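Undergrad: Just the structure for this:
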Amino acid sequence: MTDNFTTASAAAHRCARRLLKQGVPPTVAADGLIAQGLALWAAETGRHEDAAAALVAWTLIRDAA
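TA: Residues are numbered from 1 along each chain as shown. Alright, predicted model coming up:
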């Protein structure tokens, strides 16, 4: 792991804990974090269509559960 990964992972962990302490359901917190992660990935790599497709698939799987 790089220092940047460790920093980002720790920040995501703190955010997730904060959301759970505020009563946000774990599935909703995960959904939001995944959406933000895909948005960052798309912005960095220029894969906007891939990110949109992944979000659609994620939403279909989430809603089917």
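
Undergrad: before we move on, what SS does the nearest residue to Arg62 once chain neighbours are set aside have?
TA: Using CB to CB, 6 or more residues apart in numbering and skipping residues adjacent in sequence, the residue nearest Arg62 is Asp31, 6.3 Å away. Quick note: C-beta positions are derived from backbone N, CA and C, even for glycine. Using DSSP: H, G, I helix; E, B strand; the rest coil, the structure places Asp31 in helix.

Undergrad: ok now do Val56, which residues does it touch?
TA: Not one residue lies near Val56 by CB atoms under 8 Å, 6 or more residues apart in numbering.

Undergrad: which SSE is it in?
TA: Val56 belongs to helix 48-64 when assigned by DSSP states H and E.

Undergrad: likewise Ala43?
TA: Using DSSP H and E, Ala43 sits in helix 26-45.

Undergrad: Tell me the gap between that helix and the middle of its chain.
TA: How far helix 26-45 lies from its chain's middle: 3 Å, per CA atoms, centre = their mean, to the nearest Å.

Undergrad: Next, the angle from that helix to helix 48-64.
TA: 170 degrees (axes from the mean of the first three to the mean of the last three CA atoms, to 10 degrees).

Undergrad: If anything else comes up later, I'll come back, but that's it for now.
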